[in-house]
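Novice: got a predicted structure here, sequence first:
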Amino acid sequence: MAIFLDSSKIEEIKKYKAMGFVRGVTTNPTILLKEGVAGMAGVKARIIEIAKLLEPLPVSAEVTTNDSKRMMEEARDIASWAKNINVKITIHGPNGELDNLAVIHELETKENIRVNVTAMMSAQQCFLAAMAGATYVSIFAGRINNMGYDSVNEIRVLRSLLDGHKLKAQIIAASTREILNVVQWLQAGAHIVTVVPTLVDGMIVHPYSKETVKMFLDDAAKNR
């Protein structure tokens, strides 16, 4: 079981890596755009910097197209940036195009490129991606909850399918909304939960811990 950091900010990654619990980093075009990374040259430079900082831990970087040929080309390029990079590809296109699994299968089985299949909302999607050869299957568990479904059950079903069929894929539970999600999803069977830094802070800091630490320090000061 592991925690990945969902960020592309170098200082954030350095900060939490130094704490010893980060086992990888996930990024996507939305995160990079929000954090001011512009253009493919900028994306490449940032991902290479993160990969070097995290080596040998995995870093996920996403293709920016849904055209099959260009996905293959971008995946090869991204994977060449560093040995610990895996390529994120969505389960299907924006209008339900079905080419992506064929691309994923070819990258994993013929080109030895590790793929993180992303934007999945159900156990069945993840199961098919795992059957196609994916190294990671990212289930957007927070969005599942937002839609009124039970993400914990989806993760349990998915883990049972992967274990029962002896598939190599690891489950990344993503789209984390609440601090509680992290332990819930790991307990349900996710191999990994990817977490934004603000939620990591909430996992560490507890109001009663703060109160207790203050008491200890105040009492220690009285004995000086």
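Specialist: Yep, that arrived.
Novice: where along this structure do the helices fall?
Specialist: With DSSP state H as the criterion, the chain has helices at 10-17, 29-34, 39-54, 68-80, 100-110, 123-131, 141-146, 151-164, 179-188, 197-204, 207-222.
Novice: just checking, what packs against the fifth one?
Specialist: Right, the one you point to is helix 100-110. Here helix 100-110 touches helix 68-80, strand 85-90, strand 115-120, helix 123-131, going by 3 or more Cβ pairs under 8 Å, 6 or more residues apart in numbering; DSSP states H and E. Just so you know, the C-beta spots here come from the backbone N, C-alpha and C atoms, and that holds for glycine as well.
Novice: list the buried residues in that helix.
Specialist: 100, 101, 103, 104, 105, 106, 107, 108 (16 or more other Cβ atoms under 10 Å).
Novice: the first one now?
Specialist: Counting neighbours by 16+ other Cβ under 10 Å, one finds that the buried residues in helix 10-17 are 12, 13, 16, 17.
Novice: over to the fourth one?
Specialist: Taking 16+ other Cβ under 10 Å as the basis for neighbour counts, the residues of helix 68-80 that come out buried are 71, 72, 74, 75, 78, 79.
Novice: can I get the residues you listed in a markdown table with distance to residue 200 and pLDDT?
Specialist: A markdown table is the format used below for these (distance: Cβ to Cβ, whole Å; pLDDT from 0 to 100):
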| residue | distance to residue 200 | pLDDT |
| --- | --- | --- |
| 71 | 32 | 97 |
| 72 | 35 | 98 |
| 74 | 30 | 97 |
| 75 | 29 | 98 |
| 78 | 26 | 97 |
| 79 | 28 | 98 |
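Novice: now distance to residue 26 too, for the residues you listed, in TSV please.
Specialist: Putting the buried residues of helix 68-80 into TSV (distance: Cβ to Cβ, whole Å) gives the following:
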residue	distance to residue 26
71	18
72	22
74	17
75	16
78	14
79	16
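Novice: going by distance to residue 149, which of the residues you listed wins?
Specialist: residue 71 (28.9 Å; Cβ to Cβ).
Novice: and the closest one, how far from residue 102?
Specialist: Noted for residue 71: a distance of 10 Å to residue 102, by Cβ to Cβ, to the nearest Å.
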